[in-house]
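Engineer: Just to be clear, the model below is a prediction. Sequence and coordinates:
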Amino acid sequence: MSALDVAVELGPKGRRAAAWAVDWPGLERGGATPEEALTRLEAYRERYAPVARLARRGGEFSAAGDVRVVETYVGSGSTDFWGISFVSGASDEVAIDAAAFTRRLRLLAASWRHFDAVRASVSPTLRKGPRGGGRDREAIAGHVLRCEQDWARKVGVDPAGDVVADPGALAAHRDAFLRALRAHLDDGRRARSWSLPFLVRHSAFHVLDHAWEMQDRDLGAGSGPRPPA
C-alpha cells in the first residue's frame, strides 16, 4: 500500500497552514496549525473519493495508505490569512512526464464534473453563516468559473463567452484550458510565474472547495452533517 504523500505550506507568521496531496489535485485543507491542516485533509479523503472515481482512479485512491509528509515549506502572507496554499512547493517544480500530467488533468476535469453535479443538486438559496453572510449557489458558480477564466489566461486561453450561464461556452473554455496545459507541458513552458502542476492543483482545489461549501450549506433534503471546512 502506497502512502498518501502530502506537502505542508506554512504561513510566514505562523497563523495558518495548508496541507495538500501531491498526487491528488484538489485534496487540500487548511488549519490554524500544520497538525490541524493535516487532520482536516484526512477528514476530507472520503469527500475526495467521488472525484477519484470520476477520473477512474477510485481504486488507486482507496488503496492509498497513511499520510506521509514529504515536504514542509514557507508560503506567503495569503497562506497566513486564508489557510490556503498560494506558493509552489518543491513537489510542484519537479519535472513531470506526459503520462503523469495527463493523470492530473483527468483529476482536474473530474473536479469540474463534480462541481457541476453539486451545483445541479443543491438548493439555489444556501444556508447563511452566523452573521447572515455567504453567497448563494449561482453567485458561487459565477465566482468559481470567472476565477477559472482568469487562471486559464496564464496558459494563453482567453475568456469564451458567458461560461456561467452557457454550458456550451463553459465546455469550450474547459476544453481549451486542458489543451493549453498539455501544449505548455509539451513545449516546456510555465504558466507565467506558476508551474503547471501548481496551476492544476490550485484550480482543482478552488473548484472543490466551493463544491464542498455548497454541499455544506445546502438547504435541500439531501443535506446533512459534513466534516469541518
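Structural biologist: Arrived safely, thanks for sending.

Engineer: Okay, Thr79 and Val122: tell me how far apart.
Structural biologist: Using C-beta to C-beta, to the nearest Å, one obtains 29 Å as the distance from Thr79 to Val122. From N, CA and C alone the C-beta is placed, and that goes for glycine too.

Engineer: same thing with Gly83?
Structural biologist: Distance, Gly83 to Val122, using C-beta to C-beta: 24 Å.

Engineer: go on, Val94?
Structural biologist: Relative to Val122, Val94 is positioned 37 Å away (criterion: C-beta to C-beta).

Engineer: All the helices of the protein, in order from the start?
Structural biologist: Shown for the chain, the helices assigned by DSSP state H span residues 34-43, 45-54, 58-62, 77-82, 90-93, 98-121, 137-152, 167-187, 196-217.

Engineer: So which of these is nearest Lys128?
Structural biologist: Taking C-beta to C-beta, helix 196-217 is the member of those nearest to Lys128, at 8.0 Å.

Engineer: for that closest one, packing partners?
Structural biologist: Using 3 or more C-beta pairs under 8 Å, 6 or more residues apart in numbering; DSSP states H and E as the contact criterion, the secondary-structure elements in contact with helix 196-217 are strand 28-31, helix 45-54, helix 90-93, helix 98-121, helix 137-152, helix 167-187.

Engineer: Please save the CA atoms from it in CSV.
Structural biologist: What follows is helix 196-217, C-alpha atoms only, in CSV (Å, rounded to 0.1, in the frame of the first residue of the first chain):
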residue,chain,number,x,y,z
LEU,A,196,1.9,23.8,-14.4
PRO,A,197,1.4,21.4,-11.6
PHE,A,198,0.6,24.3,-9.2
LEU,A,199,-1.9,25.8,-11.7
VAL,A,200,-3.6,22.4,-12.0
ARG,A,201,-3.8,21.7,-8.2
HIS,A,202,-4.8,25.3,-7.4
SER,A,203,-7.6,25.2,-9.9
ALA,A,204,-8.8,21.8,-8.7
PHE,A,205,-8.7,22.9,-5.1
HIS,A,206,-10.7,26.1,-5.7
VAL,A,207,-13.5,24.3,-7.5
LEU,A,208,-13.7,21.5,-5.0
ASP,A,209,-13.6,23.8,-2.0
HIS,A,210,-16.6,25.6,-3.3
ALA,A,211,-18.4,22.4,-4.3
TRP,A,212,-18.0,21.2,-0.7
GLU,A,213,-19.1,24.6,0.6
MET,A,214,-22.3,24.3,-1.4
GLN,A,215,-22.9,20.8,-0.1
ASP,A,216,-22.4,22.0,3.5
ARG,A,217,-24.8,24.9,3.1
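
Engineer: Please tell me how far Gly132 sits from Asp218.
Structural biologist: 17 Å.

Engineer: Just give the nearest non-adjacent residue to Gly14, would you?
Structural biologist: Nearest in space to Gly14, with sequence neighbours left out and distances taken as C-beta to C-beta, 6 or more residues apart in numbering, is Asp80 at 7.6 Å.
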